[in-house]
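S.K.: After the sequence you'll find the predicted model.
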Amino acid sequence: MADTFICPNCGTEVNVRARSCPECGADDETGWRDLSHSNAMDDDEFNYDSFIKDEFGKPGIKPKGMPWWIWILAILLIVALGLMFVR
């Protein structure tokens, strides 16, 4: 039984216990596809904006914050704990 296998994406030797290829990042979730490898680092002319767009999607989309009611609940809990220690 072999302890390594060849990554079908980039040809690197990968340990069978590895969760992803150390060279290209391919893994079981990505299906060891070509899309998991970014060719941006191979080019002499690196385009940062293109790389960010490929990696993180559209700019300007921010994750949603916590709902307002969680903030109020947290503040009330802090006040309640403070009152417990004061008495």
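M.R.: All right, it came through fine. None of these values were measured; they are calculated from a predicted model.
S.K.: can I get the CA coordinates of the helix or strand hosting residue 49 in CSV?
M.R.: Element membership for residue 49, per DSSP states H and E: helix 48-56. Provided in CSV are the C-alpha atoms of helix 48-56 (Å, rounded to 0.1, in the frame of the first residue of the first chain):
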residue,chain,number,x,y,z
TYR,A,48,-3.6,41.7,-8.0
ASP,A,49,-7.1,42.9,-8.7
SER,A,50,-7.8,39.9,-11.0
PHE,A,51,-6.4,37.6,-8.3
ILE,A,52,-8.6,39.1,-5.6
LYS,A,53,-11.7,38.9,-7.8
ASP,A,54,-11.0,35.2,-8.6
GLU,A,55,-10.4,34.3,-5.0
PHE,A,56,-13.0,36.3,-3.2
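S.K.: Just the strands from this protein, written as ranges.
M.R.: Along the chain, counting by DSSP state E, strands occupy 4-6, 13-15.
S.K.: Pick the most deeply packed of those strands.
M.R.: strand 13-15 (a mean of 16; mean count of other Cβ atoms under 10 Å). For every residue, glycine as well, the C-beta is placed using N, CA and C.
S.K.: and that strand, which strands flank it?
M.R.: According to DSSP bridges, strand 13-15 has the following sheet partners: strand 4-6 (antiparallel).
S.K.: which residues touch the partner strand?
M.R.: Under the criterion Cβ atoms under 8 Å, 6 or more residues apart in numbering, residues 12, 13, 14, 15, 16 lie in contact with strand 4-6.
S.K.: Alright, I will stop here.
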